[in-house]
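1. What shape does this take:
(one chain, ligands or ions: 1)
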Amino acid sequence: MAGGWETVIGLETHVQLRTASKMFCGCSTAFGAPPNTNVCPVCLGLPGALPMPNEQALKLAVRAALGLGCTVHPRSLFARKNYFYPDLPKGYQISQFEQPLATAGSLSYLSPDRGIATATIQRLHVEEDAGKSLHDRFPKQTAIDLNRCGVPLIEIVTGPDFRSPHEARTYLLTLKQVLEYAGISDCDMEKGSLRVDANVSVRRAGETALGTKTEVKNINSFAYVEKALTVERDRQIAVLEGGGTVAPQTMLYDSKTNGVRPQRSKEASHDYRYFPDPDLPPLVLSEEFIAEQQTLLPELPAKKRERFVEKYALSVTDAAVLTADRTG
Ligand SMILES: [Zn+2]
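-> The predicted structure is shown next:
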């Protein structure tokens, strides 16, 4: 609680799946390759090239969903998310919109303020990454590297469940732990394999309706998560205490100044005109496939923590320390 205000945060986390090849083609996902070398007609979107789903990526996505207690749907749909950007050669990303892979999960974490708290996972879907615009390679010019185009991702969306920037960070660290334990991702924010966008709003203590939210983007390290959310929370409180209203907009975090600025409207594109991808049939997963992924999940940290508390009469905090990595 910040001076009679309650903070409400929801997180959308993009996680790169640990695969050797991309989501819909055979190109390598190796980090650090020379620009534009891991590309082919499929991920460049050349005419006539057709996408083919990566089975290993689907296995990891299903394992992630099961590890987060989600319902995995035997039938989901790939959809095109359309927008124009120089690092998106196809003019759309393949994602899932209606009928995502999985819904209705949860992840419990040790809140610094509330003890064991539970975040709801509203949905988990599969998508491909876009390329990268490089602004520091040539003076006054933008370079494009398409090696990341088509890299497999899952997006994990929580409800508006966090009550402080610190809680949001603790959830993220817990999520990272689960995904690393289960071998789903290396979750390396510096390499872009875990990225987070946050929805932030504030309301007077005791209010139940949600305030107007903004979306904070460009948070690119764990150290900045809490800082970025705190800056935005404090900005909103200052606006409201000054008698103003919070505009529903996208804010970009700048770690150099520890400040946020509104995204230029030119950069914002909210009408993605989603529609089912005509090049991909519905994703149909058999019961056996889903059950097999469940058997391949290790005992996850929360389960292990409970077992340690029960068996060795440890405190939750001690058990959390002991189960922090998989060898614990
Ligand atoms: Zn390719």
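2. and whichever residue of the stretch 201-328 of the chain sits closest to the ion, what is it in contact with?
-> With CB to the ion as the measure, Asp279 is the residue of the stretch 201-328 of the chain nearest to the ion, at 14.2 Å. For every residue, glycine as well, the C-beta is placed using N, CA and C. Listed by CB atoms under 8 Å, 6 or more residues apart in numbering, the contact set of Asp279 reads Leu50, Pro51.
3. The one 5 residues further on too?
-> Applying CB under 8 Å, 6+ apart to Val284 gives the contacts Pro74, Arg75.
4. Domain boundaries for the protein, per the record?
-> Following the assignment in automatic domain parsing, the chain carries domains at 5-297, 299-328.
5. Turn those domains into JSON lines, columns for mean pLDDT.
-> As requested, those are exported to JSON lines (pLDDT from 0 to 100):
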{"stretch": "domain 5-297", "mean pLDDT": "93"}
{"stretch": "domain 299-328", "mean pLDDT": "73"}
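6. any idea which of these is most buried?
-> Stretch with highest mean neighbour count among these: domain 5-297 (a mean of 18; mean count of other CB atoms under 10 Å).
7. What is the end-to-end distance of that one?
-> With CA to CA, to the nearest Å as the measure, the first residue of domain 5-297 is 40 Å from its last.
8. State the separation between it and the centre of the chain it belongs to.
-> Offset of domain 5-297 from its chain centre (CA atoms, centre = their mean, to the nearest Å): 3 Å.
9. The residue of the stretch 201-328 of the chain closest to the ion is in what secondary structure piece?
-> Here Asp279, judged by DSSP states H and E, is contained in no helix and no strand.
10. got the phi/psi numbers for it?
-> With angles defined as degrees, to the nearest 10, Asp279 sits at phi -90, psi -10.
11. Ala238 in helix, strand or coil?
-> helix (DSSP: H, G, I helix; E, B strand; the rest coil).
12. The longest strand along the chain pairs with which strands?
-> For the chain, the strand reaching the highest residue count under DSSP state E is reported as strand 115-128. Note on strand 115-128: by DSSP bridges, its sheet partners are strand 102-111 (antiparallel), strand 152-158 (antiparallel).
13. is stretch 125-138 anywhere near the ion?
-> No: judged by CB under 5 Å from the ion, stretch 125-138 and the ion are separated, with a smallest distance of 10.1 Å.
14. With just CA atoms, put that stretch into PDB.
-> Provided in PDB are the C-alpha atoms of stretch 125-138 (Å, rounded to 0.1, in the frame of the first residue of the first chain):
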ATOM      1  CA  HIS A 125      -0.700 -19.700 -25.700                       C
ATOM      2  CA  VAL A 126       2.000 -20.500 -28.300                       C
ATOM      3  CA  GLU A 127       3.400 -17.900 -30.700                       C
ATOM      4  CA  GLU A 128       6.400 -17.000 -32.800                       C
ATOM      5  CA  ASP A 129       8.800 -14.200 -32.100                       C
ATOM      6  CA  ALA A 130       9.400 -11.200 -34.400                       C
ATOM      7  CA  GLY A 131      12.800 -10.000 -35.500                       C
ATOM      8  CA  LYS A 132      14.800  -7.300 -33.900                       C
ATOM      9  CA  SER A 133      15.400  -3.600 -34.800                       C
ATOM     10  CA  LEU A 134      19.000  -2.500 -33.800                       C
ATOM     11  CA  HIS A 135      19.400   1.200 -33.200                       C
ATOM     12  CA  ASP A 136      23.000   1.200 -32.000                       C
ATOM     13  CA  ARG A 137      24.700  -0.600 -34.900                       C
ATOM     14  CA  PHE A 138      24.900   2.200 -37.500                       C
END
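15. follow-up on the earlier one: want to throw the strands paired with strand 115-128 into CSV with distance to the ion?
-> As requested, the strands paired with strand 115-128 are exported to CSV (distance: least, CB to the ion, whole Å):
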stretch, distance to the ion
strand 102-111, 26
strand 152-158, 12
